[in-house]
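> Here's a sequence, model it:
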Amino acid sequence: MKQIITKSLRDIFSKDVILFVLQISLAALALTGLFVWYFWDALSHFISSYLSWIPWEWLQTSGATVITFALAYMLFIIMISLLTSLFSEKLLIRLAKKHYPNAKVVGSADIATSIIATLKASLVFLLLFILAIPFLFIPILGQIVMLYLWSILIKEPTIYDVGSLFIADKKILKAKSKKARLIAIIASLFNYIPVLNIFAPVFAQVLFLHYILESEGVGSRK
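You can find the predicted model right below:
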């Protein structure tokens with residue numbers, strides 16, 4: 001795993017990946033900005049109503065604004081995840097050929113299935129985030145819970161998007177996916193680092209790419 005993480009870190013700070021992430025992030029920022037612009041009042045009202053049952057007065061007042069901004073941030077990350085899922089295929093193939101000349105592309109992710117996988121993960125993520133709000137303000141526990149929630153957002157889309165390119169047998173893909181949770185958690189750590197958080201979805205994909213190709217025994221460049 002250490003070698004996989006090292007390779008992945010080198011990849012995400014390469015020119016191709018940085019350019020890809022910047023393009024995705026700008027598009028995600030524009031789309032999120034439009035959404036928040038139109039629905040900010042509705043979001044604020046929903047959060048305030050939800051917090052009214054929690055017996056912490058400070059959370060019902062100043063906490064409501066903080067959580068509304070946090071929700072807007074979550075939507076931004078979700079949008080990055082969705083756009084990364086839709087447009088990363090060519091980038092992943094280039095990285096695979098760079099490190100594993102013998103790697104064979106056996107398929108392609110279906111756009112509709114990829115969108116559905118990301119939206120399902122996003123809905124589960126948002127639902128659990130809303131339910132877990134009281135725990136997020138507890139030191140250490142809140143950070144652990146949030147890290148797990150971030151991993152939910154990127155785990156299944158990553159398995160599908162990367163696995164569809166290089167593994168045709170669903171049984172083999174299922175076996176390779178056993179470490180996907182750990183990979184998603186490692187990638188989610190980027191969400192705690194300002195600016196670098198925009199790399200989390202593509203970092204998860206690159207990690208999973210190296211993991212499945214290394215475990216498949218595909219020869220890599222030294």
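
> what about the helices in this structure?
2-12, 15-51, 57-87, 89-99, 111-131, 133-136, 141-166, 170-176, 180-188, 200-215 (DSSP state H).

> Highest mean neighbour count across these, which stretch is it?
Ranked by average neighbour count under the criterion mean count of other CB atoms under 10 Å, those are headed by helix 200-215 at a mean of 26. Backbone N, C-alpha and C define where each C-beta goes, glycine included.

> helices or strands up against that one?
Here helix 200-215 touches helix 2-12, helix 15-51, helix 57-87, helix 89-99, helix 141-166, helix 170-176, helix 180-188, going by 3 or more CB pairs under 8 Å, 6 or more residues apart in numbering; DSSP states H and E.

> Considering those, which stretch scores lowest in mean pLDDT?
Per-stretch mean pLDDT for those is lowest at helix 57-87 (a mean of 76).

> want to try CSV for the helices and strands packed on helix 200-215, with distance to residue 109 as columns?
Putting the helices and strands packed on helix 200-215 into CSV (distance: least, CB to CB, whole Å) gives the following:
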stretch, distance to residue 109
helix 2-12, 19
helix 15-51, 16
helix 57-87, 8
helix 89-99, 6
helix 141-166, 4
helix 170-176, 12
helix 180-188, 15
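
> so which of those helices comes closest to residue 134?
helix 57-87 (7.8 Å; CB to CB).

> Skipping adjacent residues, who's closest to residue 208 in space?
The spatially closest residue to residue 208, leaving aside those adjacent along the chain, is residue 162, at 4.7 Å (CB to CB, 6 or more residues apart in numbering).

> show me the contacts for that neighbour.
92, 205, 208, 209, 212 (CB atoms under 8 Å, 6 or more residues apart in numbering).

> ok, back up a step: which stretch among the helices and strands packed on helix 200-215 comes nearest residue 195?
That would be helix 15-51 among the helices and strands packed on helix 200-215, by CB to CB, at 9.6 Å.

> which one of the helices of the chain lies closest to residue 194?
helix 57-87 (11.1 Å).

> measure the residue nearest to residue 208 to residue 91 for me?
11 Å (CB to CB, to the nearest Å).
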